[in-house]
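Q: Build me a structure from this.
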Amino acid sequence: MSLMACKKQEGSGGDASIYGKIHVKHYNSTFTQFISEYPGSDLYVYIIYGDDISYGQRLKTNYNGEFEFKYLYKGDYKVYTYSLDSTLNDPSGKIAVVKDVHISGKKEKADAGTFEIFN
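A: Purely as a prediction, here's the structure:
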């Protein structure tokens, strides 16, 4: 029983991290004409710890579109950001771009990869 109480759950407080970047493709409002592409600077990125429903932390990307969630425990995480909906089906005009990331080592630096979004 005491061993279960010591098991660390997903979340902040550990020595691992998850990093990645955002790359933006800019189109006109109907997504029929490509305008430009660039690093997704100053955009929000969110992380969900384990099976939680709400996000546990939110941060902004740097000037190169890079982000890093530090001080995490081993476990499963969802990292996400928002993109314009290129299908024009979502009434809000935005959709979540989500990646599942697993941390298996105490000091692991897990790469979430590049999030390709539309703006």
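
Q: part of a strand, is residue 82?
A: Yes - per DSSP: H, G, I helix; E, B strand; the rest coil, residue 82 lies within a strand segment.

Q: Phi and psi next, for the spatially closest residue to it that is not a sequence neighbour.
A: The shortest distance from residue 82 to any non-neighbouring residue, by C-beta to C-beta, 6 or more residues apart in numbering, is to residue 94 (4.8 Å). Yep, even glycine has a C-beta here, placed from its N, CA and C like the rest. Per-residue torsions, residue 94: phi -130, psi 150 (degrees, to the nearest 10).

Q: Quickly note the distance from residue 94 to residue 117.
A: Going from residue 94 to residue 117 by C-beta to C-beta, to the nearest Å gives 10 Å.

Q: got any residues that touch both of the two?
A: 82-84 (C-beta atoms under 8 Å, 6 or more residues apart in numbering).

Q: Low-confidence regions, the chain specifically.
A: Scanning the chain for pLDDT under 70 picks out 1-7.

Q: Who are the packing partners of the longest strand along it?
A: The single longest strand within the chain, with elements called by DSSP state E, is strand 12-27. Of the remaining helices and strands, those touching strand 12-27 by 3 or more C-beta pairs under 8 Å, 6 or more residues apart in numbering; DSSP states H and E are strand 34-39, strand 44-49, strand 66-72, strand 75-84, strand 94-103, strand 109-118.

Q: For stretch 41-48, buried residues please.
A: 43, 45-48 (16 or more other C-beta atoms under 10 Å).

Q: Repeat that for stretch 107-119.
A: Quick answer for stretch 107-119 (16+ other C-beta under 10 Å): 108, 110, 112, 115, 117, 119.

Q: and which of those is nearest to residue 33?
A: residue 119 (13.5 Å; C-beta to C-beta).

Q: so what's residue 109 closest to, chain neighbours aside?
A: For residue 109, the closest residue by C-beta to C-beta, 6+ apart turns out to be residue 17, at 5.2 Å.

Q: Could you tell me which residues make contact with the one you found?
A: Taking C-beta under 8 Å, 6+ apart, one finds 68-72, 108-110 in contact with residue 17.

Q: again, only this time at 10 Å
A: Going by C-beta atoms under 10 Å, 6 or more residues apart in numbering, residue 17 touches 68-72, 103, 107-110.
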